[in-house]
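Visitor: need coordinates for the following:
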Amino acid sequence: MNAKRDTIELDQATAAADDIAELDRRWAAVKKGQATVPHADVVRWLDSWGTPAFRAWSSR
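Guide: Here you go, the predicted structure:
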């Protein structure tokens with residue numbers, strides 16, 4: 001038994017469970033009517049990747 005490996009595996013499992021729980025919370029909020037980003041906005045943002053027009057999503 002390798003304690004370091006076991007700790008890393010446990011940390012990864014915990015992180016994965018935390019990520020899934022966060023996604024579940026966000027999806028529940030959307031189902032309750034929280035606003036989402038229109039698809040066309042996401043497409044325009046993705047199309048800007050690698051161009052001078054690119055801005056981080058948070059600063060768009």
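Visitor: just for the protein, where's the confidence low?
Guide: Residues of the chain that meet the criterion pLDDT under 70 lie in 1-10, 12.
Visitor: tell me where the protein has helices.
Guide: Along the chain, counting by DSSP state H, helices occupy 3-31, 39-47.
Visitor: pull out the buried positions in the shortest one.
Guide: Within helix 39-47, the residues that qualify as buried by neighbour count (16 or more other CB atoms under 10 Å) are Trp45. Any C-beta I mention is one placed from the backbone N, CA and C, and that applies to glycine too.
Visitor: other residues contacting it?
Guide: Trp57, Arg60 (CB atoms under 8 Å, 6 or more residues apart in numbering).
Visitor: from Ala29, how far off is the residue nearest in space to the middle of the chain?
Guide: Closest residue to the average C-alpha location of the chain: Leu23 at 7.8 Å, with CA atoms, centre = their mean. Distance, Leu23 to Ala29, using CB to CB, to the nearest Å: 11 Å.
Visitor: distance of the residue nearest to the centre of the chain relative to Pro52?
Guide: 33 Å.
Visitor: ditto for Lys32
Guide: Note on Lys32: its distance to Pro52, by CB to CB, is 39 Å.
Visitor: ditto for Pro38
Guide: 24 Å.
Visitor: okay, those two: which has more neighbours?
Guide: The neighbour count for Pro38 versus Pro52, taken as other CB atoms under 10 Å, is higher for Pro38 (9 against 5).
Visitor: phi, psi of the more buried one?
Guide: phi -60, psi 140 (degrees, to the nearest 10).
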